[in-house]
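# This is a predicted model, with the sequence first.
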Amino acid sequence: MQLFAGSSEDFIDEGIQKTIAERLGDAFYDYYRFRASASEFISWQNSLRALATQLRYANIRDHGVVLEMQLPLSSSRLDCLVFGHAKDGDERAVLIELKQWTEVAPSEFEECVEAFVGKAVRRVLHPSAQAFRYAQYLEDTNSAFDPAANGISLKPCAWLHNMHPGASGVLRSTEFAAVLKHAPLYVNSDVDRFTDFFDDNVGGGHGVAVMEKALSGKHRSSRKLLEHTAKLVAGEPTYRLIDDQVIAFEAVLAMVRRSQKDKRLKSIVVVKGGPGTGKSVIALNLLGTLSKRGVQVYHATGSKAFTENLWRVLGSRSKAHIKYFNNFGQSAENEIDVLLADEAHRIRTSSNNRFTPTARRSEFSQVDELINATKVSVFFIDDHQSVRPGEIGSTAMFRETAMRIGARYEEVDLRTQFRCAGSDEYIDWIDQLLEIRKTGVMRLANDAFEFRMVGSPAELEAGVKSALAAGYSARMMAGYCWPWSDPDAEGHLTNDVTIGEFSRPWNAKPDARRLAKGIPKSMFWATDPGGVEQVGCIYTAQGFEFDYAAVIWGSDLVIRDGQWIGQTAASRDHVVKTRAGARFVDCVKNTYRVLLTRGLRGVSLFVIDDETRQFVESRLH
């Protein structure tokens, strides 16, 4: 998706005449079905007029221009691409990150500065670092820019058209020398230098055809986290972190540096974000990076499925550094340098359970155990993914704990998301639909993410099989509304999920000891090819993602007279229905939110209850 694609002549004319912002605003509304904010509109007016003037001065007359291009499978948009040919004939594109800043201050986070953004001074990426990472991301995800296939060569840069050269010292300091070499920075007095940059890279013109080639590029295969875990933990840059992901990554590294200088004070970092914002990617990148630097670091979750898959991918030796939340009760104070608590919303009240020996029972809460054992505690959290009454992890709890014990505290909010085809609108629509948070997105109108309602579970299954045949990953999941039987004596599963003539088994139970050939253990349902033959539940699906997700919405959550009603009689989740009490509705809402956000490219939904189905359909388009 892009808001403008055309010739440089057209862009210059509209930019000089101040009509380009209105054109982008109309395209934005056509795509997103709501108006761009006033601040974004003003930004377009100011920056694009300045850019049009610069391109006219640089004689960029025979080129292609793309504005506000959404990065593949991401909610981020890059500002501008100018296409043409180098003088040696190579196809090239200049990627420009535009900023209206007039001054910046240094930051202790690497690759970051502090600037006045969104009515406050915030830590933000150095604009050259942002441009460079966008270029790397495009090379990774769009076939037209693939260096291995002689794709269009990207030349990133940053242009701060309001900044006086005397205010650019921080941005041009030696600590940014490496990134400035890859993505040079220009300010308002650099008109001739900026012109030379265009001339060196796209001076050969004939750029409209190059632009059309770029826009016809295919999204390269999505990267599955577990397939690349080994490289991440080895410290190899398999995933390109961009935007707020980099800020979160650097926030942790900065806190570790502080801790190494002053070992007396504890530090807590909270990285919060919704589905697909890359929390686990950041955590595993940190695990690899810190391990390489000789820091004693552990990764922990409360998810058996996710942890077992990490062990499976990395081998048994990884168990020394990849653990569960309840493994730290006997640790001495400050025994660990860094703990990366992934899926921290699954932290429980206590690590004790009915199997805990008396001698090992703890008197502390689980969060206090984790923080007591660790100098720097990092909690990756989505405050709306708690699906069981015993899961109490929340941003507020970590913040209050930091205040109570006098720990240094840092909080980073992840906004760029990489699931659901990068559609913020879809996530906002789901949250508004389920009344989890007010987003104002009452209708789903964005076609970038493939969401469809189907008339039967058989149609859901057919879609899963079709996606698999096309080379995509796909799974069927359901709300916990059917019994979950033990396997029979020969290890075969019972077809518990029965809807009319449709019947399929749940994934295997976690404690199932004997399973027939081809049936994966519960923790490997999401990654083993045999898992496609079963319906997954929330406890095996949470933490994983698929190209296409298929969801059965049961009768445990229904709409009646415009209100969401939790029907405990329809639930087969004994723990939730007997212990959640007033939180039952919230737990079930969060369950469907998780299931409906497992898809990278699309989600198909079958709703059993007629009134609920009609309500969901009424919120489409």
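Structure received.

# Name the nearest residue to residue 319, ignoring sequence neighbours.
residue 311 (5.7 Å; C-beta to C-beta, 6 or more residues apart in numbering). Using the backbone N, CA and C atoms, a C-beta is placed for each residue, glycine as well.

# residues contacting that neighbour?
318-319, 322 (C-beta atoms under 8 Å, 6 or more residues apart in numbering).

# how about it, phi and psi?
When read as degrees, to the nearest 10, the backbone of residue 311 gives phi -60, psi -40.

# quick one: pLDDT of it?
Reading off the confidence values, residue 311 has pLDDT 88.

# Check the gap between it and residue 305 for me.
Distance of residue 311 to residue 305, given as C-beta to C-beta, to the nearest Å: 11 Å.

# Could you do residue 99 as well?
Using C-beta to C-beta, residue 99 is found at 42 Å from residue 305.

# likewise residue 243?
29 Å.

# Tell me which of those two has more neighbours.
A direct count of neighbours by other C-beta atoms under 10 Å for residue 243 and residue 305 places residue 305 higher, at 24 against 21.

# Residue 34: neighbouring residues, count only.
Residue 34: 15 neighbours (other C-beta under 10 Å).

# Packing partners of whichever strand or helix holds residue 54?
Here residue 54 is covered by helix 38-57, with elements defined by DSSP states H and E. For helix 38-57, the helices and strands in contact under the criterion 3 or more C-beta pairs under 8 Å, 6 or more residues apart in numbering; DSSP states H and E are helix 8-16, helix 20-32, strand 77-85, strand 91-99, helix 191-202.

# How about residues contacting it?
Taking C-beta under 8 Å, 6+ apart as the criterion, the residues outside helix 38-57 that touch it are 8, 11-12, 14-16, 18, 20-21, 24-25, 36, 63, 65, 67, 79-80, 82, 96, 98-100, 118, 159, 161-162, 191, 194-195, 198.

# Quick check: next helix or strand after it?
By DSSP H and E, the next helix or strand past helix 38-57 is strand 64-70.

# Distance from that following strand to the middle of the chain?
Taking C-alpha atoms, centre = their mean, to the nearest Å, one finds strand 64-70 lying 23 Å from the centre of the chain it belongs to.

# Equivalent analysis for stretch 378-387, please.
What separates the centre of stretch 378-387 from the centre of its chain is 13 Å, taken as C-alpha atoms, centre = their mean.

# so how far is the first residue of that stretch from its last?
With C-alpha to C-alpha, to the nearest Å as the measure, the first residue of stretch 378-387 is 21 Å from its last.

# tell me the mean pLDDT for it?
Averaging pLDDT along stretch 378-387 yields 91.

# ends of stretch 490-504, how far apart?
Criterion C-alpha to C-alpha; first-to-last residue distance in stretch 490-504 is 18 Å.

# swap that for stretch 348-358, sorry
Between the opening and closing residues of stretch 348-358 there is a gap of 19 Å (C-alpha to C-alpha).

# for residue 536, phi and psi?
For residue 536, the backbone dihedrals are phi -90, psi 150 (criterion: degrees, to the nearest 10).

# picking that back up, I'd like the helices and strands packed on helix 38-57 written out as TSV, with distance to residue 331, mean neighbour count and mean pLDDT added.
Putting the helices and strands packed on helix 38-57 into TSV (distance: least, C-beta to C-beta, whole Å; neighbours: other C-beta atoms under 10 Å; pLDDT from 0 to 100) gives the following:
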stretch	distance to residue 331	mean neighbour count	mean pLDDT
helix 8-16	60	20	95
helix 20-32	48	17	89
strand 77-85	44	24	96
strand 91-99	44	24	97
helix 191-202	54	18	96
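
# mind giving me JSON lines with the ones you listed and columns for distance to residue 390?
Written out in JSON lines, the entries for these read as follows (distance: least, C-beta to C-beta, whole Å):
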{"stretch": "helix 8-16", "distance to residue 390": "57"}
{"stretch": "helix 20-32", "distance to residue 390": "39"}
{"stretch": "strand 77-85", "distance to residue 390": "40"}
{"stretch": "strand 91-99", "distance to residue 390": "45"}
{"stretch": "helix 191-202", "distance to residue 390": "57"}
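
# Give me the distance from the worst-scoring helix or strand of the chain on mean pLDDT to the chain's centre.
Of all the helices and strands that make up the chain, the one with the lowest confidence by mean pLDDT, DSSP states H and E is helix 229-233; it has a mean of 72. Once both centres are worked out by C-alpha atoms, centre = their mean, helix 229-233 turns out to sit 18 Å from its chain's centre.

# Buried ones in that helix, by neighbour count?
Within helix 229-233, the residues that count as buried by 16 or more other C-beta atoms under 10 Å are 229-230, 232-233.

# for stretch 48-58, same thing?
Buried positions in stretch 48-58, judged by neighbour count with 16+ other C-beta under 10 Å: 48-52, 54-56, 58.

# Name the nearest of the contacts of residue 311 relative to residue 186.
Top of the list for closeness to residue 186, among the contacts of residue 311 and by C-beta to C-beta, is residue 322 at 44.8 Å.

# I'd like to know how many residues surround that closest one.
The burial metric for residue 322, expressed as a neighbour count using other C-beta under 10 Å, is 24.

# beta partners for it?
Here residue 322 shows beta-bridge partners residue 299, assigned using DSSP bridges.

# measure it to residue 397 for me?
With distances taken as C-beta to C-beta, residue 322 is found 24 Å from residue 397.

# for residue 521, same thing?
Taken as C-beta to C-beta, the span from residue 521 to residue 397 is 32 Å.

# And for residue 491?
Distance from residue 491 to residue 397, counting by C-beta to C-beta: 42 Å.

# Neighbour count: those two, which is higher?
With other C-beta under 10 Å as the criterion, residue 491 and residue 397 differ in neighbour count, and residue 397 comes out ahead with 18 against 15.

# what comes up buried for the helix or strand hosting the more buried one?
Secondary-structure element containing residue 397, defined by DSSP H and E: helix 395-405. Applying a neighbour-count criterion of 16+ other C-beta under 10 Å, the buried positions in helix 395-405 are 395, 397-398, 401-402.

# Now do it: everything it contacts.
Taking C-beta under 8 Å, 6+ apart as the criterion, the residues outside helix 395-405 that touch it are 266, 268, 270, 272, 344, 367-368, 371, 379, 381, 383, 407-409, 411.

# From the chain's centroid, how far away is it?
Relative to the centre of its chain, helix 395-405 is centred 25 Å away, using C-alpha atoms, centre = their mean.

# now swap in stretch 146-158 and tell me
Distance of stretch 146-158 from its chain centroid, counting by C-alpha atoms, centre = their mean, is 24 Å.

# could I have it exported to CSV, CA atoms only?
In CSV, the C-alpha atoms belonging to stretch 146-158 read as follows (Å, rounded to 0.1, in the frame of the first residue of the first chain):
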residue,chain,number,x,y,z
ASP,A,146,16.3,-8.5,-3.1
PRO,A,147,20.1,-8.0,-3.5
ALA,A,148,20.6,-11.7,-4.2
ALA,A,149,18.4,-11.4,-7.3
ASN,A,150,19.9,-8.2,-8.6
GLY,A,151,16.9,-6.2,-7.4
ILE,A,152,16.6,-2.5,-7.2
SER,A,153,19.4,-1.0,-5.2
LEU,A,154,18.3,1.0,-2.2
LYS,A,155,20.2,4.1,-1.0
PRO,A,156,18.7,5.4,2.3
CYS,A,157,19.2,8.9,3.7
ALA,A,158,17.5,11.4,6.1
